[in-house]
Structure formats: structure tokens, C-alpha cells
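*Asks:* Whatever this is, show me its structure:
(2 chains)
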Amino acid sequence: DAGITQSPRHKVTETGTPVTLRCHQTENHRYMYWYRQDPGHGLRLIHYSYGVKDTDKGEVSDGYSVSRSKTEDFLLTLESATSSQTSVYFCAINGGGGTEAFFGQGTRLTVV
Amino acid sequence: AQSVSQHNHHVILSEAASLELGCNYSYGGTVNLFWYVQYPGQHLQLLLKYFSGDPLVKGIKGFEAEFIKSKFSFNLRKPSVQWSDTAEYFCAVRGGSQGNLIFGKGTKLSVKP
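*Replies:* Below you'll find the predicted structure:
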């Protein structure tokens, strides 16, 4: 398996609190992605990064921010968690060119 | 904006039946195409990928897919499914200069023994 680790794996938080999810890679890949997976919606792209400090919004970026201060870490922050952000969050990495994306194990987030 | 459509939400087959899952994408430029599989409770794993060359791509576990550029399609096939193929299947496309990777909504495959 590719060297990609998500933390935490499970989290329960209260509405209105900030939450940060971490994605750490040891592959030195350029591209990193955050997705959320919900029944009936598949995987929807939240934000992605194409280099250190280079990020862009995906399809469902409202209420989320990201940061990438070094190649190996891509942080996803829910600024003020809402129940609609209860989901499973996946991080993915990709080296670009003719390579596929590798996925982390996922983080199950519950906002109560 | 890029998008990916998977036409079947849930497919139910008996073992040994043939499988074809549809995938269409909307992006006019050069694309990379993927099929991923997600077994229950697990993360996504790559089944196969297409970047260029032969439009018929063979992947793991007997899966293959055909890229038809004129139809913007990348359908997944398997001649004979097994109970262990029960999973959710996702088609994805990557295009554009920033490497944006977009997924379809997924197709859940249930194989009856």
C-alpha cells in the first residue's frame, strides 16, 4: 500500500466546533485531494492541492478550508462543523503524469 | 467543468453472469480514466486505468474496460462475475493542468451466490 495515513480515523464532534483532519504521505507525491463520501453521492471533491501552498476548490468546498505547508501534509479544516458535514472523508495522493491516485483509509466524522 | 456519469446505481447479478458498467465523462481535452473498487468498509483500490494507447485496458481480477473517445465512454466489463466481486465501483476522470480528479456517483454491484 502507498504511504498515506489519515488521522484521526474516527471523530465525534459538536456542532459549531472547528475540526481538522490530517493527511500525511511518505511518497513525495505532488497532488493531494480531499473527498467526502456520502450514500448516493459517491465521492465528491472538496479541495485539492497541486503543490506546496497551491490549492484549489472542488465541487463541495463551502465550509471547508485546506492548507499544505509541506509536501507530505494536507490538512482539511471544518471551520464550524455542521451536521451536514457528517461523512466519511478520504484523502488521496497522486504523482501526476501516468500514475493513479492512492487513497487513505478514511476518517469517519460525526457531527452531533 | 468535468463530470462523470455512471448510469447504474445498483446492479444485481448471479455468479457467472457477465457484467458491464457504464461510465461517461464530459471533458474535451486529454483525459486519464480510472475504475476503482471499494469493498465494504474499505478504501478505494485501483482496478484499471487508461492514459493512452490501446483503448482496451485490462485490469486486475479479470476486469477490463474500453475507452471510446467518440462516445466519451469508459465502460467496465467482466465476462463472469464472482460473489467476491460484490462491491461498489467508481469511474473517475482526471484532466486539466491541475490534475483535478473527479468521480462518478458509483455503482453498487451485488453478486448472488
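*Asks:* Now tell me which helix or strand of chain A has the poorest mean pLDDT.
*Replies:* None of the helices or strands of chain A scores lower by mean pLDDT, DSSP states H and E than strand A:101-103, at a mean of 90.
*Asks:* Residues in contact with stretch B:8-18: which ones?
*Replies:* Residues from elsewhere that reach stretch B:8-18, judged by Cβ atoms under 8 Å, 6 or more residues apart in numbering or on different chains: B:19, B:21-22, B:77-83, B:105, B:107-113. Yep, even glycine has a C-beta here, placed from its N, CA and C like the rest.
*Asks:* Can you list which of these are found in helices?
*Replies:* Assignment to helices by DSSP state H places none of those there.
*Asks:* For the chain, just list every one of the strands.
*Replies:* Going with chain A. Using DSSP state E, the strands of chain A run over A:4-7, A:10-13, A:19-25, A:31-38, A:42-51, A:54-57, A:64-70, A:73-78, A:87-94, A:101-103, A:107-111.
*Asks:* Chain B was what I was after
*Replies:* Counting by DSSP E, the strands of chain B are B:3-6, B:10-14, B:19-21, B:23-26, B:31-38, B:45-50, B:56-58, B:64-68, B:73-78, B:87-95, B:100-103, B:107-112.
*Asks:* Could you tell me the angle between the second one and strand B:107-112?
*Replies:* In other words, strand B:10-14. 20 degrees (axes from the mean of the first three to the mean of the last three Cα atoms, to 10 degrees).
*Asks:* Only alpha carbons, please: show strand B:10-14 as CSV.
*Replies:* Extracted C-alpha coordinates of strand B:10-14, given in CSV (Å, rounded to 0.1, in the frame of the first residue of the first chain):
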residue,chain,number,x,y,z
HIS,B,10,-27.3,-0.8,-8.2
VAL,B,11,-26.7,-3.9,-10.3
ILE,B,12,-27.7,-7.4,-9.1
LEU,B,13,-26.2,-10.4,-10.8
SER,B,14,-25.9,-14.1,-10.3
